[in-house]
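*Asks:* need the 3D shape of this:
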Amino acid sequence: MAERTALEPLWEQARHIPLYNSGQAHRRLRHELRDAFTRESVEAWRPSIRKVAEESFTGCLPAGRAEVIEDIGKPVLREVMAEVVGIPPDARAEFGRWADVTVRAGAFGTPQWSDGLLAEVVAAVTSIDRLIGEVVADARAVPAGSVLARALERRRHGEGLSEQEISANARALYTAGVYTTTHLIAAAAYYLFRDATVLERARQDGRELAKVVRETLRFACPAVETALRRATRDVVINGETIRRGQFVRTVVLRASRDPRRFPEPDVFDHERPRQGRELVFGVGSHICLGNHLATAITEEICGVLAAPEFHARLAEPHPVFRRRPAVPVMWGPEWVHLELAPDHHSAVGNRRAIDESAPADTRE
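*Replies:* Model (predicted):
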């Protein structure tokens, strides 16, 4: 009972997030949040994503090496997601620190969970609520076009999200963007750089790079499972009966390797014909709100990594893919190391290595 009471602040946060709602409540929340994540909005974010990625990567040049997750992926994602969510620059370090702590709630139900960890997570949630309250009170530094900017504009007209809903979703959107897309970036970079022919083609044509990212979403999707769903009626799937009211969790990685849908499913083939939406983003009304953004960030970062003047190549130790015991279960490479041999005669600041007209769109 004591733990249930202690968990209440986390349950309260969940009530304000689309992922944990259904029906009218879900539709209202999603409607209020969606504008910053439409395909058109994401296209407008691309230049700033590319700029942040270029700055991070060029910062690695003196060392002659870069580790994609820690040196590129996480720093870029933290900056981009803070901008998209609407966190003012001066508040980003503090917000990011607290958001990192809240991610540890994913250890609930695992041996790593403890009363001490619960207390830390609850304190972090409370701190984020306070910080967002301060931002709402003085919104002059909120980035234009961001989730917060749009939400505050609607509040000025007596509509939109409550302050609690704004705070809960600012945290949820930021952490979802950082902690799932990190693994996608690393996996896409690995499959891009492990084949010299594919890498060279991607350097010449951004459409090839987009294909690599799309196939990575199928072959090495970072989200092993989708969120829980509850059956609305009895149904039989492959001889197994699921009763109305029972909960179901779909293993996306398995579904994306289904030989009935994908010929030679355990082969990475970026020329594979596209077959509808990628399952990793979910389907139906709960499809990932940030699916266009995650794809765009990955394409832009990989485009920077593949820029020909850096002569980047895969370096040892080669990555190991593994599952991470959390809720939801994540899967991806532990690291991806690149060696760099930049062409110092290139105009790095003015380069555009991958054709910007490209469409946005390991065996376990």
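
*Asks:* buried stuff in stretch 270-280?
*Replies:* With burial defined by 16 or more other Cβ atoms under 10 Å, the residues of stretch 270-280 counted as buried are 270, 272, 278-280. C-beta coordinates here come from the backbone N, C-alpha and C atoms, glycine included.

*Asks:* give me the distance from it to the chain's centre.
*Replies:* Centroid displacement of stretch 270-280 relative to its chain, using Cα atoms, centre = their mean, to the nearest Å, is 18 Å.

*Asks:* stretch 274-289 too?
*Replies:* Relative to the chain's own centre, stretch 274-289 is displaced by 14 Å; criterion: Cα atoms, centre = their mean.

*Asks:* so what would you say the end-to-end distance of it is?
*Replies:* The first residue of stretch 274-289 is 21 Å away from its last residue (Cα to Cα, to the nearest Å).

*Asks:* ok, and what's touching that stretch?
*Replies:* With contacts defined as Cβ atoms under 8 Å, 6 or more residues apart in numbering, stretch 274-289 is touched by 18-19, 26-27, 30, 33-34, 37, 173, 214, 217-218, 221-223, 226-227, 252, 255-256, 261-262, 291, 294.

*Asks:* which ones among those lie within helices?
*Replies:* Among those, the residues falling in helices (DSSP state H) are 26-27, 30, 33, 173, 214, 217-218, 252, 255, 291, 294.

*Asks:* make TSV from those residues and add distance to residue 87 to it.
*Replies:* TSV is the format used below for these (distance: Cβ to Cβ, whole Å):
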residue	distance to residue 87
26	25
27	26
30	21
33	15
173	11
214	30
217	27
218	32
252	30
255	35
291	22
294	18
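
*Asks:* in JSON lines: those, plus distance to residue 151, neighbour count and pLDDT.
*Replies:* Listed next are these as JSON lines, based on distance: Cβ to Cβ, whole Å; neighbours: other Cβ atoms under 10 Å; pLDDT from 0 to 100:
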{"residue": "26", "distance to residue 151": "17", "neighbour count": "16", "pLDDT": "92"}
{"residue": "27", "distance to residue 151": "16", "neighbour count": "13", "pLDDT": "94"}
{"residue": "30", "distance to residue 151": "13", "neighbour count": "17", "pLDDT": "95"}
{"residue": "33", "distance to residue 151": "8", "neighbour count": "23", "pLDDT": "96"}
{"residue": "173", "distance to residue 151": "11", "neighbour count": "23", "pLDDT": "96"}
{"residue": "214", "distance to residue 151": "31", "neighbour count": "19", "pLDDT": "94"}
{"residue": "217", "distance to residue 151": "29", "neighbour count": "25", "pLDDT": "92"}
{"residue": "218", "distance to residue 151": "34", "neighbour count": "24", "pLDDT": "91"}
{"residue": "252", "distance to residue 151": "30", "neighbour count": "24", "pLDDT": "77"}
{"residue": "255", "distance to residue 151": "34", "neighbour count": "15", "pLDDT": "82"}
{"residue": "291", "distance to residue 151": "20", "neighbour count": "18", "pLDDT": "93"}
{"residue": "294", "distance to residue 151": "21", "neighbour count": "25", "pLDDT": "96"}
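
*Asks:* pLDDT weak spots in the stretch 251-364 of the chain?
*Replies:* Within the stretch 251-364 of the chain, the ranges that satisfy pLDDT under 70 run 324-330, 343-364.

*Asks:* of the buried residues of stretch 270-280, closest to residue 75?
*Replies:* residue 280 (23.4 Å; Cβ to Cβ).

*Asks:* surely the closest one is in a strand?
*Replies:* No: the assignment for residue 280, made by DSSP: H, G, I helix; E, B strand; the rest coil, is helix rather than a strand.

*Asks:* for the nearest residue to it once chain neighbours are set aside, give me its contacts.
*Replies:* Setting aside the residues directly before and after it, residue 280 is nearest to residue 221 in space (Cβ to Cβ, 6 or more residues apart in numbering), at 3.6 Å. Residue 221 sits next to 184, 252-253, 256, 278-280, 331 when contact means Cβ under 8 Å, 6+ apart.

*Asks:* run the last query once more with 6 Å
*Replies:* For residue 221, the contact set (Cβ atoms under 6 Å, 6 or more residues apart in numbering) comprises 252-253, 256, 280.

*Asks:* of those residues, which is the nearest to residue 299?
*Replies:* Comparing the contacts of residue 221 against residue 299 with Cβ to Cβ places residue 280 closest, at 15.3 Å.

*Asks:* ok so, going back, can you put the contacts of residue 221 in TSV and add distance to residue 137?
*Replies:* TSV is the format used below for the contacts of residue 221 (distance: Cβ to Cβ, whole Å):
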residue	distance to residue 137
252	41
253	44
256	45
280	38
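
*Asks:* okay, now the unreliable bits of the stretch 1-150 of the chain?
*Replies:* Residues of the stretch 1-150 of the chain that meet the cut-off, pLDDT under 70, sit at 1-6, 109.

*Asks:* tell me how far stretch 249-264 is from the chain's mean position?
*Replies:* 21 Å.

*Asks:* name the residues of it that come out as buried.
*Replies:* So, applying 16+ other Cβ under 10 Å, buried residues of stretch 249-264: 250, 252-253, 256-257, 262.
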